[in-house]
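Peer 1: Sharing a model prediction with you, sequence too.
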Amino acid sequence: MKRILTGILATLMAAAAAAQDKVELAKNNPVAIISLVQGDVQIKHPDGDWQPAYWLTLLRPEDQIKMPDKGKILVDFFSDDHLEAVDVNTEAKVAFKSLTKIQGNGGVRREQARDRAVVEIPIPYMLERKLSSKDLAPASEPDAMEKEKIYLAATVWPEAFPPVWQWKNTNAKLYRLQLFNEWDEVIYETKTPQNRFKFPYHGPFQLAKNSQYLWQVLDPNDQILVRKYAFTLLTTLHARELERSEKKFEAAQKAGKAQQNHYTDMFILYNNRKLIDRSLSLLLQMSKKDPENPMIYRALARVYLAKGCPAHAQQALDRELQLNGVDPLGD
């Protein structure tokens, strides 16, 4: 009897340890993203239920994927930016750097390498950033949505050197553009009659490439026309990478061959280079292609916040939650 009890206890302890391991693995940072999904593909998080697999869903170790008899899924791993696919009628599990088959008639396939350098890519912060009620508090201010439409008209081209800024023309006699360093200290200010400005070649100082800055624009009455938001001045190498990628993407769009994974590639690139304006434009396109996808609205909420538009962010968050997204607010 003692031997039987010992065996039962050992079995229970092993099961408890395995369950604890799964919980701890689930707390790891995401290791991959769903780059493309077609058909009734399902995913399951540890100790969760099967649910629809959405385009842009982040995956962690121990997540499971179930492929139906029709459909397709591509998983992009952050460790080296490679793609893997799961065959139909197959279940697979996410590991740190790959998928492993659990059961089914098919297997797991590594997709052919893409025409770009194989490097580790950062986790998209536009999907991971934690939201707080403080971030969204200004959304309740009077006429917030209308004011933010002016802010959303602003654009910066950080791939140009020197960079170029443009904002909504409100027929003001003079506009006041201010630049800030990453510590939010004013480093440059100028007045211009045009709603477009290019930093002078022989300015008072040189802007540093691969550095983050913030900018805002005021009118003569100190009315904000561009609410302060960040950009990173691209290096020549990064600017060329951006140009090549955008040309390929635009060509695929014009030919009607742009698929979800092409949009995902651009989303990740814009996210990595902190190209907020381009991220916003791309996500709005993606929302039209897949209007019932909560993950797209999750990303939109964060891009709007990055651009200083909490009312639009709240609207995107509300839509995400309507679509059964999970996105809790902190204090």
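Peer 2: Looks like it came in fine.
Peer 1: make it CA atoms for all contacts and neighbour counts henceforth
Peer 2: Will do.
Peer 1: give me phi/psi at the nearest residue to Leu275 once chain neighbours are set aside?
Peer 2: Of all residues not flanking Leu275 in the chain, Phe231 sits nearest, at 6.6 Å (CA to CA, 6 or more residues apart in numbering). Phi and psi for Phe231, reported as degrees, to the nearest 10, are phi -150, psi 160.
Peer 1: residue contacts, Phe231?
Peer 2: Going by CA atoms under 8 Å, 6 or more residues apart in numbering, Phe231 touches 156, 158, 212-214, 274-276.
Peer 1: Please report the distance of it from Asp80.
Peer 2: Per CA to CA, to the nearest Å, Phe231 is found 26 Å from Asp80.
Peer 1: Pro328 now?
Peer 2: Going from Pro328 to Asp80 by CA to CA gives 30 Å.
Peer 1: Neighbour count: the two, which is higher?
Peer 2: Higher neighbour count among Pro328 and Asp80: Asp80, with 13 against 10, using other CA atoms under 10 Å.
Peer 1: Tell me how far that one lies from Ala239.
Peer 2: Here Asp80 is placed at a distance of 21 Å from Ala239 (CA to CA).
Peer 1: What residues sit buried inside stretch 182-193?
Peer 2: Lys191 (16 or more other CA atoms under 10 Å).
Peer 1: right, I mislabeled it, should have said stretch 209-225
Peer 2: For stretch 209-225, burial by neighbour count (16+ other CA under 10 Å) applies to 212-219, 224-225.
Peer 1: try stretch 312-323
Peer 2: For stretch 312-323, the buried set under the neighbour-count rule, 16+ other CA under 10 Å, comprises 312-321.
Peer 1: What of stretch 162-178?
Peer 2: For stretch 162-178, the neighbour count (16+ other CA under 10 Å) marks 162-168, 175-178 as buried.
Peer 1: and if you look at stretch 241-255?
Peer 2: 242, 245, 249.
Peer 1: mean confidence for it?
Peer 2: For stretch 241-255, the mean pLDDT works out to 96.
Peer 1: So which residues make contact with that stretch?
Peer 2: 258, 262-263, 266, 269.
Peer 1: Tell me which stretches of the stretch 51-200 of the chain form strands.
Peer 2: Per DSSP state E, counting those that start in this stretch, the stretch 51-200 of the chain carries strands over the ranges 51-52, 58-59, 64-66, 72-77, 82-86, 90-94, 99-104, 108-110, 131-132, 155-157, 164-166, 175-180, 186-192, 196-198.
Peer 1: Isn't Ile296 up against Lys288?
Peer 2: No - using CA atoms under 8 Å, Ile296 is not in contact with Lys288; the gap is 10.0 Å.
Peer 1: Give me the more crowded residue out of those two.
Peer 2: Each of Ile296 and Lys288 has its neighbours counted (other CA under 10 Å); Ile296 has more, 24 against 10.
Peer 1: Dump the strand or helix carrying that one to CSV, keeping only the CA atoms.
Peer 2: Ile296 belongs to helix 294-306 when assigned by DSSP states H and E. Taking C-alpha atoms only, helix 294-306 is exported to CSV below (Å, rounded to 0.1, in the frame of the first residue of the first chain):
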residue,chain,number,x,y,z
PRO,A,294,-9.6,42.4,-33.0
MET,A,295,-5.8,42.3,-33.3
ILE,A,296,-5.8,45.0,-35.9
TYR,A,297,-7.8,47.3,-33.6
ARG,A,298,-5.5,46.4,-30.8
ALA,A,299,-2.6,47.8,-32.8
LEU,A,300,-4.6,50.8,-34.0
ALA,A,301,-5.3,51.8,-30.4
ARG,A,302,-1.6,51.9,-29.7
VAL,A,303,-0.6,53.7,-32.9
TYR,A,304,-3.3,56.4,-32.2
LEU,A,305,-1.9,56.9,-28.7
ALA,A,306,1.6,57.2,-30.1
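Peer 1: Show me what it is packed up against.
Peer 2: helix 125-128, helix 276-289, helix 310-322 (3 or more CA pairs under 8 Å, 6 or more residues apart in numbering; DSSP states H and E).
Peer 1: what does the second one contact?
Peer 2: Applying CA under 8 Å, 6+ apart, the set of residues contacting helix 276-289 from outside is 155-156, 230-231, 263, 266-267, 270-271, 293, 296-297, 299-300, 303-304, 306-307.
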